[in-house]
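Q: Need coordinates for the below:
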Amino acid sequence: MGGGIAQCAILAGCKVIVRDLTDEICANARDVILNSRFGFNKAVELGKMTSEAKDEAMARLSFTTDVRDLSECDLVIEAIGGGDDGAIENKPLKLKVWAELDELVNKEAVFASNTSMFTIADLAEVTSRKDRFIGMHLFSPANIMKLVEVTATEDTTDDVVQLIVELMESWGKTPIVLKDVPGDTGFVGNRIMAAVRREAMKIVEEGVCTKEDVNLAMTLGFRWPAGPFPAGPNARSGWK
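A: Numbering: from 1, shown residues only. This is a model prediction of the structure:
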């Protein structure tokens with residue numbers, strides 16, 4: 001997710017520093033931005049981007065493993081995923097990182113979490129800038145999907161909300177502004193999808209039909225582009 005977000009930002013003219021734990025992870029993120037299915041090299045090959053535009057975008061991108069290199073950033077976007085337990089996201093790690101960043105990054109900077117499920121106020125609680133903390137959930141792949149869930153807490157100021165909305169629009173995204181609620185229930189997309197998945201699983205467990213039949217019912221009966229059950233051997237049980 002971090003690489004996809006960075007790709008959006010540099011393409012829109014922003015200067016970006018990607019920070020991760022190891023040089024290997026950083027190198028992999030750079031390779032994905034350049035060489036993945038939706039990477040810049042493929043865009044150049046298809047004539048959707050010039051080589052000059054690619055070089056200009058990549059010149060705005062740098063990588064680091066030193067968190068101190070983020071100290072002068074105006075906006076910090078966190079996109080921490082899950083761990084070895086199979087969870088999509090790691091809330092304790094997010095809290096730890098935000099507390100660390102709050103001590104290092106200039107006090108005027110805006111903090112934005114790309115979390116798809118955690119209550120934004122909980123993450124903001126470990127910082128001294130609740131008024132400058134916001135949710136900014138891009139869907140995966142971030143450089144392709146258009147929707148952004150912008151989630152404001154009771155403390156988030158209007159100017160910060162407006163800043164993120166305008167930034168997302170400048171990236172070619174469609175933001176919707178949401179109210180933060182407690183309970184780590186997710187926002188709109190994943191919350192509704194979770195309810196759909198629960199009911200679909202109940203149908204299968206009752207023996208009404210198979211997962212494949214549920215998918216067919218929703219794609220052919222309601223013209224959904226895909227059913228609630230992932231298809232294929234590599235499908236994940238979670239979604240973003």
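Q: any idea how far the nearest residue to Asn114 once chain neighbours are set aside lies from Cys14?
A: Using Cβ to Cβ, 6 or more residues apart in numbering and skipping the chain neighbours, the partner closest in space to Asn114 is Ala79 (4.2 Å). Quick note: C-beta positions are derived from backbone N, CA and C, even for glycine. Noted for Ala79: a distance of 15 Å to Cys14, by Cβ to Cβ, to the nearest Å.
Q: now do Gly172
A: For Gly172 relative to Cys14 (Cβ to Cβ), the value is 13 Å.
Q: And the helix or strand where Lys54 lies, what does it pack against?
A: Assigned by DSSP states H and E, Lys54 belongs to helix 51-59. Helix 51-59 is packed against helix 2-11, helix 40-45, with contacts defined by 3 or more Cβ pairs under 8 Å, 6 or more residues apart in numbering; DSSP states H and E.
Q: what's the distance between the shortest one and the middle of its chain?
A: Relative to its parent chain, helix 40-45 has a centroid offset of 23 Å by Cα atoms, centre = their mean, to the nearest Å.
Q: now His137, what's its secondary structure?
A: Assigned state for His137: strand (three-state reduction, DSSP: H, G, I helix; E, B strand; the rest coil).
Q: Pull the number of nearby residues for it.
A: Residues within reach of His137, counting by other Cβ atoms under 10 Å, total 27.
Q: Apart from its neighbours in sequence, what residue is nearest Ile203?
A: On the basis of Cβ to Cβ, 6+ apart, the spatially nearest residue to Ile203 that is not a chain neighbour turns out to be Val214, at 6.1 Å.
Q: quick one, longest helix in this protein?
A: Secondary structure of the chain read by DSSP state H shows that its longest helix is helix 189-205.
Q: immediately after that helix, which helix or strand?
A: Heading C-terminal from helix 189-205 (DSSP H and E), you reach helix 211-221.
Q: Give the rounded mean pLDDT of that following helix.
A: What helix 211-221 shows for mean pLDDT is 97.
Q: Run the chain-centre distance for that helix.
A: 28 Å.
Q: Output it in PDB, but only the C-alpha positions, please.
A: Output of helix 211-221 as PDB, limited to C-alpha atoms (Å, rounded to 0.1, in the frame of the first residue of the first chain):
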ATOM      1  CA  LYS A 211     -20.000 -20.300  -2.300                       C
ATOM      2  CA  GLU A 212     -19.800 -20.400  -6.100                       C
ATOM      3  CA  ASP A 213     -23.600 -20.200  -6.300                       C
ATOM      4  CA  VAL A 214     -23.600 -17.200  -4.000                       C
ATOM      5  CA  ASN A 215     -21.100 -15.500  -6.300                       C
ATOM      6  CA  LEU A 216     -23.200 -16.300  -9.400                       C
ATOM      7  CA  ALA A 217     -26.400 -15.000  -7.700                       C
ATOM      8  CA  MET A 218     -24.800 -11.600  -7.000                       C
ATOM      9  CA  THR A 219     -22.900 -11.200 -10.300                       C
ATOM     10  CA  LEU A 220     -25.700 -12.400 -12.600                       C
ATOM     11  CA  GLY A 221     -28.700 -11.400 -10.500                       C
END
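Q: if we can go back for a sec, please identify the buried residues of the helix holding Lys54?
A: Of the residues in helix 51-59, Lys54, Ala57 count as buried by neighbour count, 16 or more other Cβ atoms under 10 Å.
Q: Tell me which strands the next helix or strand after it pairs with, and in which orientation.
A: Sequence-wise, the next helix or strand downstream of helix 51-59 (DSSP H and E) is strand 61-64. Applying DSSP bridges, strand 61-64 is found paired with strand 16-19 (parallel).
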